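Asker: Sharing a sequence plus its predicted fold:
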Amino acid sequence: MAEDCIFCKIFSGEIPSEKLLEAEDCFVIRDIAPKAPTHLLIIPKQHFTYLSGMTPEFQPLIGSMFDAAREMADSEAVVESGYRLVINQKDDAGQEVPHLHMHMLGGSKLGPMG
Ligand code: AMP
C-alpha cells in the first residue's frame, strides 16, 4: 500500500467504492467520472505506479486483469457491441492516478483514439 494513493485507499476500504468484482490480485470499480456508459477501472491490489514496475514475475497478475476484463465485458453486456481497454502511462497519456489501472470503456460508439 502506498501512502496517499486513492486506489490503495479504495482497496483498503478507507475510501468507499463499490467493488464490482474482486479477484485474488485485482478488483474492479466504476470510474467516478465516466466517459462512456460503461467505464470501469481494473486495478491491481498491489501498488504499481507504472507498467514498467510489472516485471515478468507479475505475468499472472496481468493475466488476471484481462480475466477480470473478460468477465466484466460479459456482465456489462458489451461483449457483442464492443469495448476498449486503455492503460494511460505518464504525462503524454494524461495519467491522473499514479497507481496502474486499466480502463474498460463501452456501451456506445467510442470516438477515435487520439
Ligand atoms: P488515468 O487518467 O488513466 O490515471 O485515470 C484515472 C481515472 O480514475 C479517471 O478516469 C478518474 O475519473 C478516475 N477516478 C479518480 N478518482 C476516483 C475514485 N475515487 N473512484 C473512481 N474513479 C476515480
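Answerer: On my side now, so go ahead.
Asker: Strands of the protein, start to end?
Answerer: With DSSP state E as the criterion, the chain has strands at 21-22, 26-30, 38-44, 83-86, 102-106.
Asker: Need the ones you listed in CSV (columns: mean pLDDT).
Answerer: As requested, the strands of the chain are arranged in CSV below (pLDDT from 0 to 100):
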stretch, mean pLDDT
strand 21-22, 98
strand 26-30, 98
strand 38-44, 98
strand 83-86, 98
strand 102-106, 98
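Asker: Name the stretch among these that sits most buried.
Answerer: With neighbours defined by mean count of other CB atoms under 10 Å, none of those is more surrounded on average than strand 38-44, at a mean of 23. (C-beta placed from N, C-alpha, C; glycine too.)
Asker: For residue 27, which non-adjacent residue is closest in space?
Answerer: The shortest distance from residue 27 to any non-neighbouring residue, by CB to CB, 6 or more residues apart in numbering, is to residue 19 (4.9 Å).
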